[in-house]
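A.B. asks: make a model of this:
(chains A and B)
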Amino acid sequence: MSFPWANQYEPQNPLMKWVDDRLPLPRFVYNAIGAGYPVPRNLNYFWNFGVLAGFCLVLQIVTGVVLAMHYAPNALVAFDSTEHIMRDVNWGWMLRYAHANGASAFFVVVYLHIFRGFFYGSYKAPREMVWLMGVVIFLLMMATAFMGYVLPWGQMSFWGAKVITGLFGAIPLVGEPLQIWLLGGFAPDNAALNRFFSLHFLLPFVIAGVVILHIWALHIPGSSNPTGVEVKGESDTIPFHPYYTAKDGFGLGVFLFLYCAMLFFLPNALGHPDNYIPANPMSTPAHIVPEWYFWPFYAILRAFTADFFFIPAKLMGVIAMFGSILVWFFLPWLDTSPVRSGHYRPLFRKFFWFGLIPAMAVLFYCGGAPAEEPFVMMSQLATAYYFLHFLVILPIVASVERPEPLPYSITEAVLGSDDNAELAPGRVSNRTKRKTHPWFASSEFSQACFSRWRSSGPSSAASSRLLLTASSRNRLPSMSSTSRPSMSNTASTGPSVSGTMPSCSAASEVYKEVCAACHSLKYVAFRDLQQIGYSEEQVKAIAATFNVPGIDPVTGEATTVPGSPTDYFPSPYPNAVAARAANNNAVPPDLSLMTKARHHGTAYVYSLLTGYQEQPPSW
Amino acid sequence: MTESTGTADVDGVAAAESGEGVRRRDFINIAAVGAAGVGGVVTLLPLVSQMAPSKDVLAESSTELDVSAIQPGQAVKAVFRKQPVFVRNLTAKEIEEANAVDVGSLRDPQTLAERTKEGHENWLITMGVCTHLGCVPLGAGEGENKGEFGGYFCPCHGSHYDTAARIRKGPAPLNLQVPEYEFTSDTVVKIG
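C.D. replies: Numbering: from 1, shown residues only, chains lettered A, B, ... in the order given. Predicted coordinates for the structure are as follows:
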């Protein structure tokens, strides 16, 4: 469906006409996201996040399909294959970081999308179906993200899988058999990893299907808008293309800028160091937390510490956690106010900004904090408010609140008057009381600026050019006199890039002479030494000084042979039991990932190395 | 610059600007779409490149082989870059047969001397990969069909190779490929 004034698709050439008569796919696209879809003219930047979420889904599917070409879903080699992607696959490091950070980016934009809906009442009639489909998408996203996090088979993967499937174990009677069925065993292992991989690959395409339903349902009534007033006439809308493709394009640019900053400069900032330690069913990490995007719900899970009448605390936490999202399904019928936009609802607005948002912030913070006081108490209070907000406050506010006067139309909200408004019967003008918020006026504001700039074009351009030259003339001498010396100072004291190689080779010497006595370096191959400046011949010579496991060519017995560049640094111990026995029951950790597998990374290693001291002679 | 007519009418301004040939908006449009297009194409690079052999595959080591146990007339299959390599100790008769062929009459003209190393003319080292569609020819193992010319025979599509592993009959276009190799001693050969 569309408004009667929507642009009609007209094929430009005979070929497109031929296609249109047989498979009107271009027409479909034109009507969905092209010039054929009229959109309210007053959408603000909060309306960018739907498109951004769609972009993230595509990003995740593309990078995910590519990663699946290199990943091996087998408990024996899953961790190794992840390292293979990071070290050997062309651009593998970037693709994996793009996928991991893409998940975070996806949740960021989806949370903003959801809170846009909360504030502007996007869930209300006639868009309930859009909202319901959206909640389904969110639940599918959570399942997909959880299973994806299990795949690298690090410590957090393993224990995440154990804890989350443990939630199902809380269900009375069937809980335990259900958990065993989900895992295909008594603890997460190969069977669980394989099915998680399969489902992790499948679910994004299910999400894509529900997204189509989501958009389909949206296009029946058309997009909502910041005033919450329905479209009344042609002057209220502008075509999606080029107006909102351009606006979304700008939003996408900003998004990509921030995303790439994370991807290239802080790729592990949102991850957890423990996930660079291979899964170990015998030892739980001291501080186990899910990915940041699950923190609010994790806090709700942990908020229930005492049995609730006859319901055990464990079950209560699980019910509350799932309930905290399932309550969204009932939101269109809990919030009965006929006014959509929180902008015209003073009481709702107070509870939104000073109730729901702080409660969610507290839950978010507590979900990432350890399960101890005062965080438990804080999450209990926030959880109580969360449910109170949706189940009690919203219905009451809807019935007692006196909304502010709505503008007659979107056009009036934007321009201050609507010619059609005077014709409307029984209309009371509230123009004087109407507030124009910069958020929803932004699009029109910029358009007004643009036309003003055009009308006064040459003169203002010339004056701005004058301003520019004047200011730059003033600034340049001072820059050259003050900032330049300080810049050269930094250059002389800062680290020099060309000087890294000697320190790297020194480090590899230290490893060989000291660390290698106890610690393995099993993900590093001798050939990798070429990357820190060794020549091919030097690498061969270094490799030959190590004995790597091999097979005697005559007898076929296991033996050791001199290493070649393709071999990996051999472990000093044949297996973990031997390593444990030789080191007072503590297995020396593998050093290949040491700077990623510890909090504070390189600083941790540096302080550890410099922390050793000679024992005093009298000791 | 054309003097503006004084109205804020968009069409009027557009008309005034069109007098300059290119409108500002055209420039912004082309610049934005162009930048996005370049970005999109650059993004394809890692997506395409990731399917090329990874570093560990490219670093596949060379194969060393002790050939002292291979008697004249015998051949062994070794593995080089995950593919079979035939190492064959030619008999005097086989060398004679190979040299008796008129090189000009061959599909892929090469003499036996060009396909072996000086001083080691009896060692024929070739890839065990048929140049037609990549099957492993027979003839290296004991009792296998050596084809009409006493060298190798590919059972997939019937290519016959002679005692210098040159294509003589069948669909294969080229002789069996001779990999890079060297004798590091009289009995040890290093392939790759």
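
A.B. asks: in contact with residue A:62, which residues?
C.D. replies: residue B:47 (C-beta atoms under 8 Å, 6 or more residues apart in numbering or on different chains). All C-beta spots, glycine's among them, are computed from the backbone N, C-alpha and C.

A.B. asks: can you tell me the element it falls in?
C.D. replies: Per DSSP states H and E, residue A:62 falls inside helix A:49-68.

A.B. asks: and residue A:485, what pLDDT?
C.D. replies: Among the per-residue scores, residue A:485 holds a pLDDT of 35.

A.B. asks: find the nearest non-adjacent residue to the closest residue to chain A within chain B, please.
C.D. replies: Among residues of chain B, the one nearest chain A by C-beta to the nearest C-beta turns out to be residue B:46. It sits 3.5 Å away. If you skip the residues right next to it in sequence, residue B:46 has residue A:91 as its closest partner in space, 3.5 Å away by C-beta to C-beta, 6 or more residues apart in numbering or on different chains.

A.B. asks: tally of neighbours for residue 117?
C.D. replies: Defaulting to chain A. For residue A:117, the neighbour count with other C-beta atoms under 10 Å in any protein chain shown is 23.

A.B. asks: I was thinking of chain B, sorry if that wasn't clear
C.D. replies: In terms of burial, residue B:117 registers 14 neighbours under the definition other C-beta under 10 Å.

A.B. asks: the residue lying closest to it once chain neighbours are set aside: neighbour count?
C.D. replies: Ranked by C-beta to C-beta, 6+ apart and with sequence neighbours excluded, the top spatial neighbour of residue B:117 is residue B:183, at 6.4 Å. By other C-beta under 10 Å, 15 other residues sit near residue B:183.

A.B. asks: so what are the domain limits for chain B?
C.D. replies: For chain B, the domain assignment from automatic domain parsing gives the residue ranges B:2-49, B:58-191.

A.B. asks: can you say which of the ones you listed is packed in most?
C.D. replies: Per-residue neighbour counts averaged over each of those give the maximum for domain B:58-191, namely a mean of 17 (mean count of other C-beta atoms under 10 Å in any protein chain shown).

A.B. asks: coming back round to it: give the contact list for the residue of chain B closest to chain A.
C.D. replies: Listed by C-beta under 8 Å, 6+ apart, the contact set of residue B:46 reads A:90, A:91, A:94, A:95.

A.B. asks: quick one: average confidence on the one helix or strand it maps to?
C.D. replies: Assigned by DSSP H and E, residue B:46 belongs to helix B:24-49. With pLDDT averaged residue by residue, helix B:24-49 scores 92.

A.B. asks: may I see the buried residues of the next helix or strand after it?
C.D. replies: Under the assignment DSSP H and E, the closest C-terminal helix or strand after helix B:24-49 is helix B:55-58. By neighbour count, with 16 or more other C-beta atoms under 10 Å in any protein chain shown as the criterion, the buried positions of helix B:55-58 are B:55, B:56.

A.B. asks: what's the helix or strand just after helix B:55-58 packed up against?
C.D. replies: Taking DSSP H and E as the definition, the helix or strand that follows helix B:55-58 towards the C-terminus is strand B:63-66. Contacts defined by 3 or more C-beta pairs under 8 Å, 6 or more residues apart in numbering or on different chains; DSSP states H and E place strand B:63-66 against strand B:75-80, strand B:188-191.

A.B. asks: residues in contact with the longest one?
C.D. replies: Okay, so that is strand B:75-80. Among residues not part of strand B:75-80, those counted as contacts by C-beta under 8 Å, 6+ apart are B:62-63, B:65, B:67, B:70, B:84-89, B:127-128, B:139-141, B:179, B:191-192.

A.B. asks: and residue A:568, what are its phi and psi?
C.D. replies: Its backbone dihedrals place residue A:568 at phi -100, psi 160, with angles given as degrees, to the nearest 10.

A.B. asks: which residues touch it?
C.D. replies: Residue A:568 makes contact with A:521, A:522, A:523, A:524, A:525, A:526, A:548 under the criterion C-beta under 8 Å, 6+ apart.

A.B. asks: would the last one count as being in a helix?
C.D. replies: Going back to what we said before, that points to residue A:548. No. Assessed by DSSP: H, G, I helix; E, B strand; the rest coil, residue A:548 does not belong to a helix; its assignment is strand.

A.B. asks: how close does residue A:603 sit to residue A:595?
C.D. replies: Relative to residue A:595, residue A:603 is positioned 9 Å away (criterion: C-beta to C-beta, to the nearest Å).

A.B. asks: compare those two and say which is more crowded by neighbours.
C.D. replies: Here residue A:603 and residue A:595 are set side by side on neighbour count (other C-beta under 10 Å), and the busier one is residue A:595, at 17 against 11.
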